[in-house]
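J.: have a look at this prediction, sequence included:
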Amino acid sequence: MLIDYHMHTRLTDGVGEPVEYARVAMERGLDEIGISDHCPTPTFLAECNMKQSDLPAYVAMVSEARRQFPQLNVKLGLEVDFVPGCEPWVRELAGMYPWDYFLGSVHFIGDFPVDRCTEDWANTDVEQRWRQYFDLWGQAARAGVFDSLAHPDLPKKFGFRAKNFDYRPYLKDVTCAIEVSTAGLRKPCREIYPAEEFLTLARQFEIPITLGSDAHIPQDTGADFDKAVALARRCGYNQICRFTQRKRELVPLG
């Protein structure tokens, strides 16, 4: 199966509505998609996230895509930023609607924005930031509130990489899936998230995967999935995850 679980609508930092993403998904032969706008937050990162008052409209938009495209499975998801101590809010959010999945992500190290611009990285200690990022990423992976973790090695976005970085300590206790995201191919790093070395280790730790395009415009839905599937297969994967009301099922890849 081909399943794209990562896309954003006009309610956060994307363009368009779920019906437009669903239309492109049908044209590209996807079996299932999931809408994953940035979730509302009570006290942090509010500038790029949905308002809580937008949730009914968001759910209605996804329902409309399901109505217009009954032959395509359209899942209701959210991308949820991880910051230490956010777990009670995420659990409260989980009870508000019949969500199919939550994508966890790390976009901030304290006040430091991981994926804002090149200049942020040009003026920082890259090695230290990578360690700090993956310390947070490991906490998110063990938190028990996410179904998959989006764009795992996001710090490489602008081409700044730690040297000889050891991912294994962060992968050994992961309790959720991780995302293979084609978004990196459209960024300065020009590489799928995560890197092949990372994904090979993830397979050795028997960590399952989801696929995502991180589409912010409908035309990016399912973009470069042939490359994502090829990478996953090289790393030893032949299955991906699908989610229904937070229940995980493994299905054939591709």
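T.: Sure, I can see it. As the structure is a computational prediction, the values presented were derived from the model and not from experiment.
J.: what's the closest non-adjacent residue to residue 68?
T.: In this structure, residue 68 finds its nearest non-sequential neighbour in residue 19, 5.3 Å apart by CB to CB, 6 or more residues apart in numbering. Yep, even glycine has a C-beta here, placed from its N, CA and C like the rest.
J.: looks like that neighbour contacts residue 66 (just checking).
T.: No. Using CB atoms under 8 Å as the test, residue 19 is too far from residue 66 to be in contact (9.5 Å).
J.: could I get the average pLDDT for the longest strand along the chain?
T.: Criterion DSSP state E: the longest strand present in the chain is strand 73-81. Strand 73-81 comes out with an average pLDDT of 97.
J.: so which elements touch it?
T.: On a contact count with 3 or more CB pairs under 8 Å, 6 or more residues apart in numbering; DSSP states H and E, strand 73-81 meets strand 32-35, helix 55-68, helix 87-94, strand 101-105, strand 239-244.
J.: and the first one, C-alpha only, in CSV?
T.: Yep, that's strand 32-35 we're talking about. Provided in CSV are the C-alpha atoms of strand 32-35 (Å, rounded to 0.1, in the frame of the first residue of the first chain):
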residue,chain,number,x,y,z
GLU,A,32,-4.8,6.1,1.9
ILE,A,33,-4.0,9.6,3.2
GLY,A,34,-4.1,11.3,6.5
ILE,A,35,-4.5,15.0,7.2
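J.: what's the offset of that strand from the middle of its chain?
T.: 12 Å (CA atoms, centre = their mean, to the nearest Å).
J.: again with the fourth one
T.: Relative to its parent chain, strand 101-105 has a centroid offset of 6 Å by CA atoms, centre = their mean.
J.: and it, which strands flank it?
T.: Counting by DSSP bridges, the strands paired with strand 101-105 are strand 73-81 (parallel), strand 148-149 (parallel).
J.: deepest in the core, which of these is it.
T.: Mean neighbour counts were taken over these using mean count of other CB atoms under 10 Å, and the top value, a mean of 28, falls to strand 148-149.
J.: list the helices and strands the helix or strand just after that one packs on?
T.: Sequence-wise, the next helix or strand downstream of strand 148-149 (DSSP states H and E) is helix 168-171. In this structure, helix 168-171 makes packing contacts with helix 126-142, helix 196-204, judged by 3+ CB pairs under 8 Å, 6+ apart.
J.: how far away is the residue most central in space within the chain from residue 36?
T.: With distances taken as CA atoms, centre = their mean, residue 150 lies nearest the centre of the chain, 2.7 Å away. To residue 36, residue 150 is 8 Å away according to CB to CB, to the nearest Å.
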